[in-house]
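>>> Next come a sequence and a model predicted from it.
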Amino acid sequence: MTTLRSDRRVHKTRQHITHAFLTLCDKRDFEDIVVRDITDAADISRSTFYTHFQDKYDLLEQIIKDKLVELFRLYENNKTQILRYVPHHEVPDPYFLLLFMHLSEQATIYRVLLFRLPHSRFEDRMSETIQHTIGQRVDNNRMDQKQPIPLDILLVSMASWIVGMILNWLKQGMIYSPNYMAIQLSRIASIGFYQAMSL
């Protein structure tokens, strides 16, 4: 019980530091932020900060790694449901729906990582995670079937397309619901770009 309370306290402290840091990053350039700014914003001591993180770069890296793990777990934790999906123009792919719901719930964090911290390469790393997710889905589904498109080209093109849609959606203030976005991406993925353009 003591260990559980201690783990919860550590988790809560790290969340508090993360929130304070990302709030600062949303208002100021990363280069101008020092550890003192973070501890003041989080109302903690410097020793508490250094108990959890080496410096602001370590803090940022841990935030990024946590988000990438969460993105991959969207697939891993819902694999059975996702693999059972049969493409339909009125039914969203469960993966797309889970992805956009997750992004909607944590939009503030993703906006900061994608638009305020370009040097972190979060966009590239997010794309790599989505590529890995799609690759896992292909491996789980294909059962030794020959792919009509080389896998590396398929993964890069799909991940780039999905991330591009995410960036545009967040920039526009999420004017469409996660369900609407998931349905549109599912339709495009199902019928292809040419048919979607009525060519």
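Perfect, I can see it now. Residues are numbered from 1 along each chain as shown.
>>> The residue nearest the centre of the chain: what's it in contact with?
Nearest to the geometric centre of the chain sits Leu71, at 4.7 Å (Cα atoms, centre = their mean). When the contact criterion is Cβ atoms under 8 Å, 6 or more residues apart in numbering, the partners of Leu71 are Leu99, His102, Met126, Thr129, Ile130, Thr133. Where C-beta positions appear, they are placed from N, C-alpha and C, glycine not excepted.
>>> Show me the longest helix that occurs in the protein.
For the chain, the longest helix by residue count, based on DSSP state H, is helix 2-27.
>>> tell me the mean pLDDT over it?
In this model, helix 2-27 has an average pLDDT of 84.
>>> Could you shift the numbering so residue one becomes 29, and keep it that way?
OK, 29 is where the count begins now, so the last one is helix 30-55.
>>> which of the residues in that helix are buried?
Thr41, Arg42, Ile45, Thr46, Ala48, Phe49, Leu50, Leu52, Cys53 (16 or more other Cβ atoms under 10 Å).
>>> follow-up on the earlier one: ok, and the residue nearest to the centre of the chain, which helix or strand is that part of?
Taking DSSP states H and E as the definition, Leu99 sits inside helix 84-104.
>>> and that helix, which residues are buried?
Lys84, Leu87, Leu88, Gln90, Ile91, Ile92, Lys95, Leu96, Leu99, Leu102, Tyr103.
>>> coming back round to it: any chance of CSV for the buried residues of helix 30-55, columns distance to Ile177?
Listed next are those as CSV, based on distance: Cβ to Cβ, whole Å:
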residue, distance to Ile177
Thr41, 47
Arg42, 42
Ile45, 44
Thr46, 39
Ala48, 45
Phe49, 41
Leu50, 38
Leu52, 44
Cys53, 39
